[in-house]
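Enquirer: Here you go, sequence then predicted model.
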Amino acid sequence: MSHSIAELAAALGVEAVGDTAVKVSGVTEPALATKSQLALAMDPKYADTIADGSAIAGMLWHGADWQGLGLKAALLPTRPRFSLAALTALMDRGQGYQTGIHPTAVIDPTAEIGADVSIGAFTIVSAGAKIGRASVLAPQVFVGCNSQIGDQSLLREGTKIGADVVVGKRFVTQQNVSVGGDGFSFVTPEKSAVEQTRDSLGADVSAAGQAWARIHSLGGVIIGDDVEIGSGSSVDRGTVRPTQIGNGVKIDSLVQVGHNVVIGNHCLLCAQAGVAGSSRIGNYVVLGGQSGVADNVFVGDGVIAGGGSIILTNVPAGRAVLGYPAIKMESHVDMYKGMRRLSRMVRDISALKKAVFKDDQSG
C-alpha cells in the first residue's frame, strides 16, 4: 500500500512541495526512514536527524527548508500534529481481521448481526444483542444480553460488554476492556465507621465492624458515538439508571469509571484516572494521569485537572486545577514554590534567633 505525496496532500488538505509523484508506503522517525518511508520531522528540533536516515520525502512544518534538508518532496502542514492524525489513519493497515464469523464463535439465534461484520474465534454474542454494520469483534470478545454495538465499531481481544449496554457508532476498545460490570456499591445494617468518618472527619467514630450487603446494579451503560477506551479500563453499570458517556470521549488505559457517573462530550481521561460513583463530568474536561474525582462531585465544562490531582469538591467550568486536594493550578504552583523555600526560611529564622539571643546576652 503506497501513496504519492500528491495523494497524501489531497487527503490531508495540506501543502505539498517538490516531486509530488514520489511514493511512500509507510511513516517513521527521520533517523530510521528508508527511501520508501515518509520521515516525520514535524518540529525543527527533529530536522537534523533526517540526514541519519535515507528518506527522500518527509512531513515537516509550515515554511520548512525541505530542500536544505536534502529531501525531494515534502508535506508542509500548518498544524503538523493534527495532520498526523489523518496521516496515521490513512496508513493504518488494521489488525488483519477478515469479514465473516469464525466457526468457533457462539452467536445466539436471537442476536442481530449487521452486514460486513467480522466476529473472531471464541467470541460470544448473547441473546437479544445487536452488532452494527461493518463492526469487528476480535477473538475472545463477549457481548451480553440485549446489548447494542453501533456501526463500524472495533472491539479488540478480550473486551467484555455486559448486559443492557448501548453503544454508538465507531466505538473502539483496546484489549481487556470491561463495560457494564456491576458497580462497587455496598451498605451496612447500621451507620458504618466509614459514614461516621465522613461526617465527623474522624473526630467521632464509634461504629462496630459490620458485614457489607451488596446493592445490585440494575441500570446499564449508555455510550455515545466515536468513543474509545484503552486497555484494562472499566466502566461500571448504574445502580437504577444507566452510567452515561457522551460523544467523542477518549479514555486511556487503566481508567475506572464508577456506577451512575455521567460524562459529557469530548472529554479526555488519561491513564489511571478514576471517577467515583454518581459524579458528573461536563463537556471537554481533561483528567490528567492518576487523577481522581470523588463520588457525587460535579466537574464543570472545560475543566483541566493536572496529573495526580484529586478532586474532592465541585469545580466550576473553565478552571485548571492541580494537587491533592485539587485547587486552582496557579495557587498550587505558588504553594509549591513556597514549600521549596521553607528549608531556607527555617535556616534564616534560626540564624536570626541566634543573633537576637546573642545580642540580648551581650546587653
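Expert: All right, it came through fine. Numbering: from 1, shown residues only.

Enquirer: Domain-wise, how is this protein divided?
Expert: Per the record's domain assignment (automatic domain parsing), the chain is made up of the domains 3-91, 103-179+220-327, 183-216.

Enquirer: If you average pLDDT over each of those, which is lowest?
Expert: Set side by side, the domains of the chain differ in mean pLDDT, and domain 183-216 is lowest with a mean of 89.

Enquirer: how far does it stretch from start to finish?
Expert: Taking Cα to Cα, to the nearest Å, domain 183-216 runs 8 Å from one end to the other.

Enquirer: Ok, stretch 286-296 next?
Expert: 18 Å.

Enquirer: Name the residues that touch it?
Expert: Stretch 286-296 is touched from outside by 252, 258, 267-279, 281, 299, 303-313, 326, with contacts defined as Cβ atoms under 8 Å, 6 or more residues apart in numbering. All C-beta atoms are positioned from the backbone trio N, CA, C, and that covers glycine.

Enquirer: hang on, the earlier thing: now, of the domains of the chain, which is deepest in the fold?
Expert: Per residue and on average, the most neighbours among the domains of the chain fall to domain 103-179+220-327, with a mean of 20 (mean count of other Cβ atoms under 10 Å).

Enquirer: Kindly check the end-to-end length of it for me.
Expert: Between the opening and closing residues of domain 103-179+220-327 there is a gap of 55 Å (Cα to Cα).

Enquirer: about what we covered before: just send the domains of the chain back as JSON lines, with distance to residue 346 too.
Expert: Rendered in JSON lines, the data for the domains of the chain read as follows (distance: least, Cβ to Cβ, whole Å):
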{"stretch": "domain 3-91", "distance to residue 346": "41"}
{"stretch": "domain 103-179+220-327", "distance to residue 346": "23"}
{"stretch": "domain 183-216", "distance to residue 346": "29"}
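
Enquirer: Quick check: which helices or strands does the longest helix anywhere in the chain pack against?
Expert: Looking across the chain with DSSP state H, the single longest helix is helix 329-362. With contacts defined as 3 or more Cβ pairs under 8 Å, 6 or more residues apart in numbering; DSSP states H and E, the secondary structure elements packing on helix 329-362 are strand 320-322.

Enquirer: Show me what the strand it packs on is in contact with.
Expert: With Cβ under 8 Å, 6+ apart as the contact definition, strand 320-322 has outside contacts at 303-306, 309, 311, 315, 327-330, 332-333.

Enquirer: Phi first, then psi, for residue 197.
Expert: Here is the backbone geometry of residue 197 (degrees, to the nearest 10): phi -60, psi -40.

Enquirer: My guess is it contacts residue 191. True?
Expert: No: contact status for residue 197 versus residue 191: not in contact, 10.7 Å apart, counting by Cβ atoms under 8 Å.

Enquirer: re earlier: distance from the longest helix of the chain to the middle of the chain?
Expert: Here helix 329-362 is found 43 Å from its chain centre; the criterion is Cα atoms, centre = their mean, to the nearest Å.

Enquirer: what comes up buried for that helix?
Expert: The neighbour-count criterion (16 or more other Cβ atoms under 10 Å) identifies 329, 332 as the buried residues of helix 329-362.

Enquirer: Which stretches in the stretch 1-150 of the chain count as helices?
Expert: In the stretch 1-150 of the chain, helices defined by DSSP state H, counting those that start in this stretch lie at 5-12, 80-91, listed in chain order.
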